[in-house]
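Participant: need coordinates for the following:
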Amino acid sequence: QVQLVESGGGLVQAGGSLRLSCVASERTFSTYAMGWFRQAPGKERDFVAAIKWSGDSTNYAPSVKGRFTISRDLAENTVFLQMNSLKLEDTAVYYCAAGRSDYRLRLGEPDSWGQGTQVTVSS
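Facilitator: Just a heads-up that it's a prediction; the model follows:
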C-alpha cells in the first residue's frame, strides 16, 4: 500500500494562495491516479481534484475549477494542489489519495489516504 504524506497547509487570508504537496512512498506511484479531497467540520469528505497516472487528464469539483490546479512530479513521487483565490468555504482538512483506478478514486474509494493537512482561510 502506498504511504502518503501531505504538507503545505496553514492559515491564509481570503484571496490568497497555498500549495499543498503529497509525497508517495513507492516508485509504483507513477502508475497510480492521484487526488485531493477535503473535509470541513461537521461535513462529509468531498472530492476536490484528481489526475490520472499519465498526468494528461485532470478533474475538478465545480467549486474549485478555475482556482485550483492539480499536478504531479513523477521524478519526485509528488502530487501538488495549487490553490488560488482562496475563499472562506475552502477551509477544511485536505487529504491526498492514491488509487489504481481513477474512477474509484474520484468516487472516494482510493487504495490509500494521507493523514490530512489543515487549510484555514480567514477574512
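
Participant: burial count for residue 95?
Facilitator: 22 (other Cβ atoms under 10 Å). Heads up, the C-betas are built off the backbone N, CA and C, glycines and all.

Participant: same check on residue 57?
Facilitator: Other residues close to residue 57 by other Cβ under 10 Å number 11.

Participant: wait, isn't it in contact with residue 51?
Facilitator: Yes. In this structure, residue 57 is within contact of residue 51 by Cβ atoms under 8 Å, at 7.2 Å.

Participant: common neighbours of these two, please.
Facilitator: Residues touching both residue 57 and residue 51 (Cβ atoms under 8 Å, 6 or more residues apart in numbering): there are none.

Participant: other SSEs contacting the worst-scoring helix or strand of the chain on mean pLDDT?
Facilitator: Ranked by mean pLDDT, DSSP states H and E, the weakest helix or strand in the chain is helix 102-106, scoring a mean of 91. Here helix 102-106 touches strand 33-39, strand 45-51, strand 92-99, going by 3 or more Cβ pairs under 8 Å, 6 or more residues apart in numbering; DSSP states H and E.

Participant: format those as CSV; extra columns: mean pLDDT and distance to residue 20.
Facilitator: Shown next, in CSV, are the helices and strands packed on helix 102-106 (pLDDT from 0 to 100; distance: least, Cβ to Cβ, whole Å):
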stretch, mean pLDDT, distance to residue 20
strand 33-39, 96, 7
strand 45-51, 97, 10
strand 92-99, 96, 6
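
Participant: can you tell which of these is closest to residue 109?
Facilitator: Nearest to residue 109 among the helices and strands packed on helix 102-106 is strand 92-99 (7.2 Å), distances taken as Cβ to Cβ.

Participant: what comes into contact with the closest one?
Facilitator: 2, 4, 6, 9, 20, 22, 24, 29, 32-40, 43, 45, 48, 79, 81, 105, 109-119.
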